[in-house]
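Peer 1: Fold the following for me, if possible:
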Amino acid sequence: MALYLNTNAALKDFQMLRNDKYFVDKSGIIRKISERIHTKKRYLCITKPRRFGKTSILNMLGAYFGKAYSSKELFDGLEISKSENYDMHRNQYSIISFSLNELPGKGNTYQDYIARFTFNIEHDIREAYPELRGREYESLPDLLTATGDEFIFMLDEWDYIFSHGLYREYQNDFLEFLRNLLKDRPYAALVYMTGVLPVTKYSSGSALNMFMEYTMLHDPVFEKYFGFTQDEVEGLCTKQNKLTAAEISEWYNGYTASDGTKLYNPRSVVCALEDECCQSYWTRTGRMDEVLFFLKYNIGEVRDDVIKMVSHMPVRIEIKKEYAAGQEKPVNRKEIYAAMIIYGLLSYHDGVLCIPNKELMTEFENALEDEDFGYVSSLVQNSQEVLNATLNKNGDAVAAYLHDIHNSEIPILKYNDENSLSCVVTLAYLSARNKYRIVREEKSGKGFADFIFYPRRKHLPGMILELKAGGTPEAAVKQIQEREYCEKLKKEGVEQILIAGICYDTAKKLHQCKIVEL
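Peer 2: Numbers count the residues shown, from 1 in each chain. Modelled structure (predicted):
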């Protein structure tokens, strides 16, 4: 039985995907891929973070193009079936498909690793072409050329040895192996390669410079096929009655396409709908140690930016250079962020970095609790105290806690303005996010409330916070009342509401807080 050539693995995988309750039709990508066959643009490398549907798309393509079976029934009715060229490429090609995360069963050297792929491809070819069995060929490309046929190559997890730090001294040899197998070969009708890390381009003469690359940083062509759109998520929500589109949006929306369209993390959305529960699914398939590593590395600059992003403040930076396979650990701020974008830890659009959604926000907040973050760690770990003080209407305790944060070692908190005060408040109430949905600068009543705390549990009161750099807490409380900032909470049926005026005296460098119940 063949392992790589014309197997039914892709067909079986796509059949299961097609039968899934929460299947989303992404077959429109097939038309765009088909246009690349037999052209100079036939080398495609699409890299996205884990859980963004890379392997599912690859298997869908294999099911569509593979000639070893008929997949018409699976694709009839999907978007691709509306294409005028629907029948032209369907089930017309021999497929050579394998994942480069397969490690050798015998031996653990780089030579053993490469020999596995070479042996299996050669074995499959000789079985499929009996006339070649008794002949000797100098190389695998020579054998493939001797078939006289064309193949579509589907390579999954191409960057595995880079992302896992394997065979470091042979990584250039690995790139050369791929170049020799694929570049300018007449038998390669299309090469479709996926992974997390983009291809390293050491120079204009790079071994794999024939690939057109589409990444998290630059992908104006295929990005909408790797992630769910708003319309797709709303359609999925109608298939169950537990979770609303708004709840799904809060947790998993936040990646941004080049045209500004918001994209959802697909696997997390499906998991949430299946479990009927919104929570972080990130750690189920990827170590959040990556977050800690990038935050700790060059911490003096990056940590402060993360505090801004946790506080929903934009971080503006121009990032043009990809973080790619084979690159050393990032050594400056731009390289760190380029890596975090590639791994899906941050969203980047129009020069602005942000934490994509609540799922990742939760992980960043957890990361800040690590003891290696010193004073920040103690602030986050003790943030339950300020929530308790607020619920007890102890304004003096809240003011003392805010004063302690504002006078900490964190550089961005030393400015005497409301943005800095907002950061202070965000840090102070981090633990409250488990019990409240916290919204900043929300339209309510006759103006915009600085912070509205919507309770997630019925026994908790709602809360409104108004911040002032200067002035008095009594004036801030009066503003909440006169401008009817509590209107949104009341419309949601919240009966008990606490309002807090928080002020920072820029001259005396003192905080004051007054909390009253409506």
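
Peer 1: what about the spatially most distant residue from the centre of the chain, distance to R126?
Peer 2: The C-alpha centroid of the chain is most remote from G134, which lies 49.5 Å away (Cα atoms, centre = their mean). According to Cβ to Cβ, to the nearest Å, G134 stands 9 Å off from R126. C-betas here are computed from N, CA, C, even on glycine.

Peer 1: so where is the chain shaky, pLDDT-wise?
Peer 2: For the chain, applying pLDDT under 70 flags the ranges 201-205, 283-294, 296-300, 372, 374, 409, 412-418.

Peer 1: C-terminal to the lengthiest helix in it, what's the next element?
Peer 2: Looking across the chain with DSSP state H, the single longest helix is helix 110-128. Using DSSP states H and E, the next helix or strand after helix 110-128 towards the C-terminus is helix 140-146.

Peer 1: quick one, the next helix or strand after that following helix and helix 110-128 angle?
Peer 2: Per DSSP H and E, the first helix or strand lying C-terminal to helix 140-146 is strand 151-156. Angle, strand 151-156 to helix 110-128, by axes from the mean of the first three to the mean of the last three Cα atoms, to 10 degrees: 140 degrees.

Peer 1: and strand 151-156, which strands flank it?
Peer 2: When pairing is defined by DSSP bridges, strand 151-156 lines up against strand 94-99 (parallel), strand 188-195 (parallel).

Peer 1: Just the CA atoms of it, as PDB, please.
Peer 2: Output in PDB follows, covering the C-alpha atoms of strand 151-156 (Å, rounded to 0.1, in the frame of the first residue of the first chain):
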ATOM      1  CA  PHE A 151       2.500  15.500  -9.900                       C
ATOM      2  CA  ILE A 152       1.000  17.800  -7.300                       C
ATOM      3  CA  PHE A 153       3.100  18.000  -4.200                       C
ATOM      4  CA  MET A 154       1.400  18.600  -0.900                       C
ATOM      5  CA  LEU A 155       3.900  19.200   2.000                       C
ATOM      6  CA  ASP A 156       2.600  19.800   5.500                       C
END
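
Peer 1: Which other helices and strands does the helix or strand following it contact?
Peer 2: Where DSSP H and E defines the elements, the next helix or strand beyond strand 151-156 is helix 160-163. On a contact count with 3 or more Cβ pairs under 8 Å, 6 or more residues apart in numbering; DSSP states H and E, helix 160-163 meets helix 171-182.

Peer 1: Strands along the stretch 201-350 of the chain, start to end?
Peer 2: For the stretch 201-350 of the chain, the strands defined by DSSP state E, counting those that start in this stretch cover 212-214, 255-256, 262-263, 315-316, 347-349.

Peer 1: Return the most buried member of the ones you listed.
Peer 2: Per-stretch averages of neighbours, counted by mean count of other Cβ atoms under 10 Å, single out strand 255-256 among the strands of the stretch 201-350 of the chain, with a mean of 24.

Peer 1: Might you calculate how far that strand sits from the centre of the chain?
Peer 2: 9 Å (Cα atoms, centre = their mean, to the nearest Å).

Peer 1: Which elements pack onto it?
Peer 2: When contacts are defined as 3+ Cβ pairs under 8 Å, 6+ apart, strand 255-256 packs onto strand 262-263, strand 347-349.

Peer 1: tally of neighbours for the residue nearest to L140 when sequence neighbours are not counted?
Peer 2: Excluding the flanking residues, the one nearest L140 by Cβ to Cβ, 6 or more residues apart in numbering is T118, at 5.5 Å. Around T118 there are 14 other residues, counting by other Cβ atoms under 10 Å.

Peer 1: measure T118 to V386 for me?
Peer 2: Per Cβ to Cβ, T118 is found 62 Å from V386.

Peer 1: And Y375, by the same measure?
Peer 2: Distance from Y375 to V386, by Cβ to Cβ: 15 Å.

Peer 1: out of the two, which sits in the more crowded spot?
Peer 2: Neighbours were counted for Y375 and for V386 using other Cβ under 10 Å; V386 has more, 27 against 12.

Peer 1: what helix or strand is that one on?
Peer 2: Counting by DSSP H and E, V386 is part of helix 383-391.

Peer 1: residues touching the nearest residue to G105 once chain neighbours are set aside, list them.
Peer 2: Spatial nearest neighbour of G105, excluding adjacent residues (Cβ to Cβ, 6+ apart): R116 at 7.8 Å. R116 sits next to E102, L103, P104, G105 when contact means Cβ atoms under 8 Å, 6 or more residues apart in numbering.

Peer 1: Quick check: PyMOL command selecting the buried ones in those residues.
Peer 2: Buried residues among those (16 or more other Cβ atoms under 10 Å), as a PyMOL selection:
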select buried, resi 104
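
Peer 1: what comes up buried for the longest helix of the chain?
Peer 2: Y110, Y113, I114, R116, F117, N120, I121, E122, D124, I125, R126.

Peer 1: Which of the three states applies to I46?
Peer 2: Here I46 is recorded as strand under DSSP: H, G, I helix; E, B strand; the rest coil.

Peer 1: now it: how far from K242?
Peer 2: As for I46, its distance to K242 is 33 Å (criterion: Cβ to Cβ).

Peer 1: Could you check which of the two has the larger neighbour count?
Peer 2: Between I46 and K242, counted using other Cβ under 10 Å, I46 has the larger neighbour count: 26 against 12.

Peer 1: Look up the closest residue to the more buried one, ignoring the ones flanking it.
Peer 2: Y214 (4.8 Å).

Peer 1: now swap in M340 and tell me
Peer 2: Nearest to M340 is L346, by Cβ to Cβ, 6+ apart, at 4.6 Å.

Peer 1: Next, work out how far apart that neighbour and A449 are.
Peer 2: The value you get for L346 to A449, if Cβ to Cβ is used, is 28 Å.

Peer 1: wait, what's in contact with the most centrally placed residue in the chain?
Peer 2: Using Cα atoms, centre = their mean, the residue of the chain that lies closest to the mean C-alpha position is G344, 3.1 Å off. Neighbouring residues of G344 by Cβ under 8 Å, 6+ apart: K48, P49, R50, R51, F52, M216, Y255, N265, P356.

Peer 1: What segments of the stretch 401-518 of the chain are strands?
Peer 2: Using DSSP E, counting those that start in this stretch, the strands of the stretch 401-518 of the chain run over 436-444, 447-455, 462-469, 497-505, 510-517.

Peer 1: Adjacent strands (with direction) for the third one?
Peer 2: It refers to strand 462-469. strand 447-455 (antiparallel), strand 497-505 (parallel).

Peer 1: circling back: in a markdown table: the strands of the stretch 401-518 of the chain, plus mean neighbour count and distance to S27.
Peer 2: As requested, the strands of the stretch 401-518 of the chain are exported to a markdown table (neighbours: other Cβ atoms under 10 Å; distance: least, Cβ to Cβ, whole Å):
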| stretch | mean neighbour count | distance to S27 |
| --- | --- | --- |
| strand 436-444 | 16 | 36 |
| strand 447-455 | 21 | 39 |
| strand 462-469 | 22 | 45 |
| strand 497-505 | 23 | 50 |
| strand 510-517 | 19 | 56 |
